[in-house]
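Asker: quick check, what structure comes out for this input:
(one chain, ligands or ions: 1)
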Amino acid sequence: MAEVVIVESADAAGDIAASLIEKLVTRRADAVLGVATGSTPLSTYRALAAKRLDLRRVRAFALDEYVGLEPGHPESYHAVIDREMTVPLGLDPSLVRVPGDGLTRRADAAALDRAGEEYERAIAAAGGIDLQILGIGATGHIGFNEPGSSLASRTRVKTLMRQTRLDNARFFASIDDVPRHCITQGLGTILEARQLVLLAFGEHKAEAVAAALEGPVSASAPGSVVQLHPRVTAIVDEAAASRLRFAAYYRDAWENALR
Ligand code: PGA
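Answerer: Sure thing, here's the model as predicted:
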């Protein structure tokens, strides 16, 4: 099962996640990272930037991207990844990929399908993802795999839930400006990463975290697919952990871990 670490704050979680990444890139300078957007991974990127590692050879694949924004839109995940991760961490932008890169706002379904297949090929050509950073949405999504996503799904177009569009409306002028569609790594794609690091903060994530870590494995709770992965570290704050049945056990296991 996942190693569950309950911490006081997002900053404490970022320190732990950044240490896991440091361990990886120290062993392998050209490691392949799976990277996430949203508020959740920011403390990890900050903690990693503070370590001042040489990450110029690290390759990165983003989890997802909106469909239908103008290329270069400041809230496109291409732009967000560049601003929040590539630049502060000193990655080589030519080694950072986002699904659907290069598509225009009017890309049709066939072009999007091809982009999904091409993204899968690019991940495979890089040798697969060594460590995937994951947030989890209030709807239970990881990547943008909303409830009902096949546990075996690959990179493809999905329709966003209204709740997700509401949650992300804070980055746009209004919910009407939040795209309805996205292109996202599938749950099957995510499962192939060699290590998963799932982060979640806040009471509004508590239900999704409990369903992901302790509920039945089900397409209705897409995050629960992580239970099928042999190497998962879930780092959550007290509020996000508040619905976990086995919280006392997780704390005990972390405090007494054999290191
Ligand atoms: P958040 O989003 O980090 O902005 O809360 C997480 C997610 O939707 O995966």
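
Asker: shaky segments in the stretch 1-150 of the chain?
Answerer: Along the stretch 1-150 of the chain, the model assigns pLDDT under 70 to residues 1.

Asker: what's the burial count for the residue of it found nearest the ligand?
Answerer: In the stretch 1-150 of the chain, the residue that lies nearest the ligand is Gly38 (2.7 Å; C-beta to the nearest ligand atom). Backbone N, C-alpha and C define where each C-beta goes, glycine included. Per other C-beta atoms under 10 Å, the neighbour tally for Gly38 reads 18.

Asker: hmm, Gly135 and it touching each other?
Answerer: Yes. Between Gly38 and Gly135 there is a contact at 5.0 Å, judged by C-beta atoms under 8 Å.

Asker: look up how far Val35 lies from Gln132.
Answerer: Using C-beta to C-beta, to the nearest Å, we find Gln132 at a distance of 8 Å from Val35.

Asker: and the strands in the stretch 1-150 of the chain?
Answerer: Applying DSSP state E, counting those that start in this stretch to the stretch 1-150 of the chain gives strands spanning 3-7, 32-35, 59-62, 64-67, 96-97, 131-134.

Asker: any chance of TSV for these, columns distance to the ligand and mean neighbour count?
Answerer: Output for those, formatted as TSV (distance: least, C-beta to the nearest ligand atom, whole Å; neighbours: other C-beta atoms under 10 Å):
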stretch	distance to the ligand	mean neighbour count
strand 3-7	16	20
strand 32-35	12	25
strand 59-62	12	24
strand 64-67	8	24
strand 96-97	19	20
strand 131-134	7	25
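
Asker: how about the contacts made by Pro147?
Answerer: Counting by C-beta atoms under 8 Å, 6 or more residues apart in numbering, Pro147 touches 139-141, 161, 219-222.
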